[in-house]
Structure formats: structure tokens, C-alpha cells
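Engineer: Below is the structure, and that's it, no one-letter string:
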């Protein structure tokens, strides 16, 4: 059964379609080497990671055309979960079928997962020390500048018309002022793009004549879907068979559900997970989610690895029968499994059908509109994150009490001047001096440590 389900992807999906300017197909070892490099260099969140893949795979290697890359990206933006990892899996699948998708997706995640587990161990054991407090203080200021840069970079790539700009603005307003659910915002954006294309609006691109792959057999698609769903939920069966793992089972179930609704990556899901983990389950203390995001920003791979930080803390504190560190590692791995395995499901089951929609201007318009909405989501996080980094106190004000319109708002007198100066330094280094991500994080971490340590001692 397993071999039959996997067989449908073992044949390489042909990349050299008519009119596509691409080089010869890479060998499996070449593809593995390149995606290993990408996995170790993929700092900077989805904007930086997508830009890195574009530069290496489209510009340098010419393994995939610009049109093919953007088509895959727009589909991945539509999916819940980490879009950059899904894009890597999609491209790996295009090059070498299921095994190519597996290798590309895993290499994108595993280096960062190993680092986040190591950092989570240090955090859990030493978070009360003064040096770590100062270190995170500087990192958070740098992270804020990185988030702002992500908004600008993604906006420049995706907001190519007035309609897309308006969709991004409306998405931000819907989230920040009205707290609408992200899936609803995505649905509305997709409908707007679809209606615009159908009514004669400006298309997002030209639909050049291309050869399309054959329609995948429905039975194979269903078998593939069921197989990967079974793989995804295997850890839950193992946890049910072991006593004293109730907390880990509840955590795995929660993050499995989150994997189905977390559109927009870590930026979009951060606030909701922080609220549930702190208020509903009591897994985290206030502020620890921001520490986790700062940790994730220091590692390669998807920012949604911050969820593995949450899993580590749950296992560290609540896994019965295991030592704190061993429990933390198990918790981190469980969350990573619940979070990342669905990405393979979406690609292996859905990509064959999505490939048949290439050249469909109406469908492409809907996907582009959804990508524009994601820009508004990231902007919403940038504002939320900025308030909590730059101000010691953040409250809530009512704009329209009858409609339940409330927004978070900082207490202006609580501005942290040191954090503000570190943010300005980070922004100057990133935007003006074009300094790389890792040096900026290192500089701000050391600066925060130097500035805060005397006051903490």
C-alpha cells in the first residue's frame, strides 16, 4: 500500500515546458546539495527565504522558470502552514517527484529544528539569568526591524496593481481593527481577485500557451491523501499507548488542529497561539512567546519553528516519566511533526491538480489576491509586535463600543528608549547599510546585553 501510494510521485514532473527558459534537470544529488545549502542559509522569515530560493533556483541555477516559481508560490500562500517550506517541497516535487519533495522539505526544516531545540534547552535551563534577559532584549529589537523589512519586501513583490494594494490594506484593517478570522479574510481576498478577473479587470499575468500534465487519477489522489494523513497522526496513536502523556497528547492534538487553520505562517498565528498557550492551557508565561520568536529568528528555517519552542516548554514542564530536557525534546519533535507533515500532504495530494491550472488567468488572479492579503497580515503582526517591543505597557481602547470595536494601543509614556534606539540601529543596518540578517541579530543581541546587563545586576 505504501509503495503504491508513493509510486505516483516517483516520476519526475517535467519542467521544460514550451517556452520556459530553464537549464537541464538537476540530478538528485545536485538537488539535495542545493537544498541543504538553502536549509542552512534560510534566515529572515518567509520573505527572506522565498527571496533566497528565487535567487538560487530561478536566477542562478535556472532550474525553474519565473512563471512556474510564482505559480507554485501563490498556491503555497493559499495553504495553511509555512509557505516557504511548502514552496521548497513543491519545487523538489517538480524536480524529482515525491522523494525530491521529501528531501527538499526536510532539508528546509531540519537544520533550524536542531538549532531551536538546542536554544530552547538553554532558554529553559538559564532563562532566569541576567545575561539571557539582556540578550533577548536586543534580539527582539532586531526582530522588529526584520518584520518591517518582510512587509516591505513582500509588498514590493506582490502589490503590483491598485486592486492588490487595496486588498492588502483592507486585510490589515479587517485584522487590526475588527479582529476578523484570517481564513475569512483570505476567502474574501480570493473572491475579490476572482470577480475582478471575471469582470474584465487587469489580469495578474499573461497566460502563455503551455503543455499541461495529465490529470492525476482520482483514486491515486485519494490514496495519497489518506496515506499522508495516517502518517501525520501516527504520534497520537503512540501517545495513547503510553501512560502519563496526557499533556503531550493535548498539545499534539492542539497543534494538529492549528496546522489546518494557520494561514500566513508564524507571523499570522503568533498572537493566537500565545493567547491560547498562556490563557487557556497555561503552557507559557506572558512574554515567552516573544522570546520564542526571537529564538526562531536566530535560526535558519521557517519562523513557525517558534511552535517547537512552545512544545519544548510544555514537555520540559509537564512530561511525566521523562527528564525535563528529554521531555522538552520530545515535545518539540511532536509539535514539529504536527506542524510540518501537513505541508507534504498539501503538496503531494494537491500539486498535481494545481499544475493543471497553470495559465488560467482567473485562478492566478485569485491566488495573487490572497498573496496580497498576506501582506496585510504581516503588517498587522508588525504593528502588534512593535507595540510590545517598544513599549512597556500596552492597553486596549474602544473605538466603537456598540460594535465591539477595540484595538490594542500603547501607553506612550511607557516607551522604552533603549529598545527604540536598538530598533533604529537594526533598521539602519538592514535598510541603509544592507548588512546581512545574522550580523544584525548578533550586533543587537550583544548591544542589548551590554546596555541591559548593568541595570539587571
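Structural biologist: Structure received. Values in this document were obtained by computation on a predicted structure and should not be read as measured data.
Engineer: among the helices and strands of this protein, which one scores worst on average pLDDT?
Structural biologist: helix 2-7 (a mean of 40; mean pLDDT, DSSP states H and E).
Engineer: Run the chain-centre distance for the following helix or strand past that one.
Structural biologist: Later in the chain than helix 2-7, the nearest helix or strand by DSSP states H and E is helix 28-41. Averaging C-alpha positions (Cα atoms, centre = their mean, to the nearest Å) puts helix 28-41 20 Å from its chain's average.
Engineer: now for helix 28-41, which elements pack on it?
Structural biologist: Packing partners of helix 28-41 (3 or more Cβ pairs under 8 Å, 6 or more residues apart in numbering; DSSP states H and E): helix 45-53, helix 83-126. From N, CA and C alone the C-beta is placed, and that goes for glycine too.
Engineer: Need the ones you listed in a markdown table (columns: distance to residue 219, mean neighbour count and mean pLDDT).
Structural biologist: Listed next are these as a markdown table, based on distance: least, Cβ to Cβ, whole Å; neighbours: other Cβ atoms under 10 Å; pLDDT from 0 to 100:
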| stretch | distance to residue 219 | mean neighbour count | mean pLDDT |
| --- | --- | --- | --- |
| helix 45-53 | 33 | 23 | 76 |
| helix 83-126 | 17 | 23 | 93 |
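Engineer: Same list, those, but as a markdown table with distance to residue 320 please.
Structural biologist: Listed next are those as a markdown table, based on distance: least, Cβ to Cβ, whole Å:
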| stretch | distance to residue 320 |
| --- | --- |
| helix 45-53 | 35 |
| helix 83-126 | 17 |
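Engineer: Please name whichever of those helices is nearest to residue 144.
Structural biologist: Closest to residue 144 of the helices and strands packed on helix 28-41 is helix 45-53 (Cβ to Cβ; 12.1 Å).
Engineer: What's the first helix or strand after that closest one?
Structural biologist: Downstream of helix 45-53 (by DSSP H and E), the next one is helix 66-78.
Engineer: List the buried residues in that following helix.
Structural biologist: 67, 68, 69, 70, 71, 72, 73, 74, 75, 76, 77, 78 (16 or more other Cβ atoms under 10 Å).
Engineer: out of these, who's nearest residue 336?
Structural biologist: The closest of the buried residues of helix 66-78, once distances to residue 336 are taken by Cβ to Cβ, is residue 76, at 18.6 Å.
Engineer: what's the spacing between that closest one and residue 93?
Structural biologist: Look at residue 76 and residue 93: by Cβ to Cβ, to the nearest Å, they are 12 Å apart.
Engineer: same question, residue 58
Structural biologist: 17 Å.
Engineer: now do residue 450
Structural biologist: 47 Å.
Engineer: Then residue 164?
Structural biologist: From residue 164 to residue 93 the distance is 28 Å (Cβ to Cβ).
Engineer: Residue 349 too?
Structural biologist: 11 Å.
Engineer: can you check residue 178 too?
Structural biologist: Residue 178 is 38 Å from residue 93, where distance means Cβ to Cβ.
Engineer: what does residue 192 give?
Structural biologist: 30 Å.
Engineer: what's the answer for residue 308, then?
Structural biologist: For residue 308 relative to residue 93 (Cβ to Cβ), the value is 24 Å.
Engineer: quick check, residue 407 in a helix?
Structural biologist: No. Assignment of residue 407 by DSSP: H, G, I helix; E, B strand; the rest coil gives strand, placing it outside any helix.
Engineer: How about the contacts made by it?
Structural biologist: 176, 177, 396, 397, 399 (Cβ atoms under 8 Å, 6 or more residues apart in numbering).
Engineer: which stretches of the stretch 151-300 of the chain have low pLDDT?
Structural biologist: Scanning the stretch 151-300 of the chain for pLDDT under 70 picks out 182-183, 201-216, 243-244, 263-268, 271, 286, 298.
Engineer: Swap in 50 and give it another go.
Structural biologist: 203-209 (pLDDT under 50).
Engineer: what about the helices and strands packed on helix 28-41, which gets the closest to residue 294?
Structural biologist: That would be helix 83-126 among the helices and strands packed on helix 28-41, by Cβ to Cβ, at 9.6 Å.
Engineer: Am I right that residue 399 is in a strand?
Structural biologist: Yes. Residue 399 forms part of a strand when assessed by three-state DSSP.
Engineer: Kindly provide the distance from it to residue 173.
Structural biologist: For residue 399 relative to residue 173 (Cβ to Cβ), the value is 12 Å.
Engineer: Looking at these two, which is more packed in?
Structural biologist: residue 173 (14 against 11; other Cβ atoms under 10 Å).
Engineer: For the more buried one, which residues are in contact?
Structural biologist: Per Cβ under 8 Å, 6+ apart, neighbours of residue 173: residue 376.
Engineer: Tell me the buried residues in the strand or helix carrying it?
Structural biologist: Counting by DSSP H and E, the element that carries residue 173 is helix 162-176. Within helix 162-176, the residues that count as buried by 16+ other Cβ under 10 Å are 163, 164, 167, 168, 170, 171, 172, 174, 175, 176.
Engineer: any idea which helix or strand comes after it?
Structural biologist: According to DSSP H and E, the helix or strand after helix 162-176 is helix 182-198.
Engineer: going on from that following helix, what's the next piece of helix or strand?
Structural biologist: Following helix 182-198 in sequence, per DSSP H and E, is helix 218-232.
Engineer: Can you list the buried residues in that following helix?
Structural biologist: Buried, per 16+ other Cβ under 10 Å, within helix 218-232: 220, 221, 223, 224, 225, 227, 228, 232.
Engineer: Ok, stretch 348-365 next?
Structural biologist: Here stretch 348-365 shows 348-352, 354-355, 358-359, 362-365 as buried, counting by 16+ other Cβ under 10 Å.
Engineer: Quick one: mark the members of those residues that sit in helices.
Structural biologist: 348, 349, 350, 351, 352, 354, 355, 362, 363, 364, 365 (DSSP state H).
Engineer: And the fifth one, how close does it get to residue 358?
Structural biologist: Spatial separation of residue 352 from residue 358 under the definition Cβ to Cβ is 12 Å.
Engineer: try the last one
Structural biologist: As judged by Cβ to Cβ, residue 365 and residue 358 stand 13 Å apart.
Engineer: Could you double-check that residue 317 lies in contact with residue 324?
Structural biologist: Yes. Counting by Cβ atoms under 8 Å, residue 317 touches residue 324, with 7.5 Å between them.
Engineer: Is it correct that residue 141 is in contact with residue 426?
Structural biologist: Yes. The criterion here is Cβ under 8 Å, and residue 141 meets it with residue 426 at 5.9 Å.
Engineer: and for these two, which residues touch both?
Structural biologist: residue 444.
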